[in-house]
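Asks: My questions are about this predicted structure, shown below with the sequence.
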Amino acid sequence: MLNHLAEVDELLFELGDLSGKRAENAAEKLMQRCSHSGEAFQYLQDRMNDVTIPERARHHVYLIVAKIRTWISLHDTYGWKEASYAY
């Protein structure tokens, strides 16, 4: 579990990269990691309002959390068996 949290921290740092491509790859990896691990998703939600994370990265985090929450809501509504995000 600690590996998942360390990976989330590393990806949060990469989200703030201004080059764009690294941030895009980090967002994709965060979606995958946090949709497969409840602990990682909870940790990401806890870090969502952390002022030490650059504003650009926090914006990505808000979008990622919103997407996963929406998927969870659909999952609960329709009773889908698959427990991970649609990747």
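Replies: Yep, that arrived.
Asks: Which other helices and strands does whichever strand or helix holds residue 59 contact?
Replies: Element membership for residue 59, per DSSP states H and E: helix 55-78. The elements that helix 55-78 packs onto, with contact taken as 3 or more C-beta pairs under 8 Å, 6 or more residues apart in numbering; DSSP states H and E, are helix 2-15, helix 21-36, helix 38-47. In this view, the C-beta of every residue, glycine as well, is placed from N, C-alpha and C.
Asks: Quick one: those as a markdown table, columns for distance to residue 73 too.
Replies: As requested, these are exported to a markdown table (distance: least, C-beta to C-beta, whole Å):
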| stretch | distance to residue 73 |
| --- | --- |
| helix 2-15 | 22 |
| helix 21-36 | 13 |
| helix 38-47 | 14 |
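Asks: Tell me, how many residues neighbour residue 39?
Replies: Residue 39 has 13 neighbouring residues, counting by other C-beta atoms under 10 Å.
Asks: got a list of contacts for stretch 58-69?
Replies: Here stretch 58-69 makes contact (C-beta atoms under 8 Å, 6 or more residues apart in numbering) with 12, 15, 23, 26-27, 30-31, 34-35, 41, 44-45, 47-50, 53, 85.
Asks: Can you flag the buried ones in these?
Replies: 12, 15, 23, 26-27, 30-31, 34-35, 41, 44, 47, 53, 85 (16 or more other C-beta atoms under 10 Å).
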